[in-house]
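In: After the sequence you'll find the predicted model.
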Amino acid sequence: MPDERDPFLARSLQFLQANLRQAGPAATASYSLIGAIVLLGGAGHLVDRWQGTDPWGLLAGLLIGLVVGFYELAKAVWRP
């Protein structure tokens, strides 16, 4: 005899899958923004340690990371 919760569970999983599919572009955009800032800021910090130009490489890396991250965010948000 089938369990009475099966239709409820199946419908719940379908709604969860639909919500995850809709949230995908927003999650990708946010990860791109954070990733660009962290990656390029870290690269700037490494340049500072290598060249001894503290804090200018870090600041330049963070600024470039912000520009790249917001560009990727804008691409994801205004995608036709």
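Out: Looks like it came in fine. Remember, it's a predicted structure, so these values are computed and weren't measured experimentally.

In: helices and strands of this structure: which one bottoms out on pLDDT?
Out: Every helix and strand of the chain was ranked by mean pLDDT, DSSP states H and E. The lowest is helix 6-51, at a mean of 89.

In: Tell me how far the residue nearest to L40 when sequence neighbours are not counted lies from G41.
Out: The shortest distance from L40 to any non-neighbouring residue, by Cβ to Cβ, 6 or more residues apart in numbering, is to G65 (3.5 Å). Every C-beta, even on glycine, is put in place using the N, C-alpha and C of the backbone. Using Cβ to Cβ, to the nearest Å, G65 is found at 5 Å from G41.

In: same check, this time on R49
Out: Distance, R49 to G41, using Cβ to Cβ: 13 Å.

In: quick one: which of these two has more around it?
Out: Shown here are R49 and G41; by other Cβ atoms under 10 Å, G41 has more neighbours (20 against 12).
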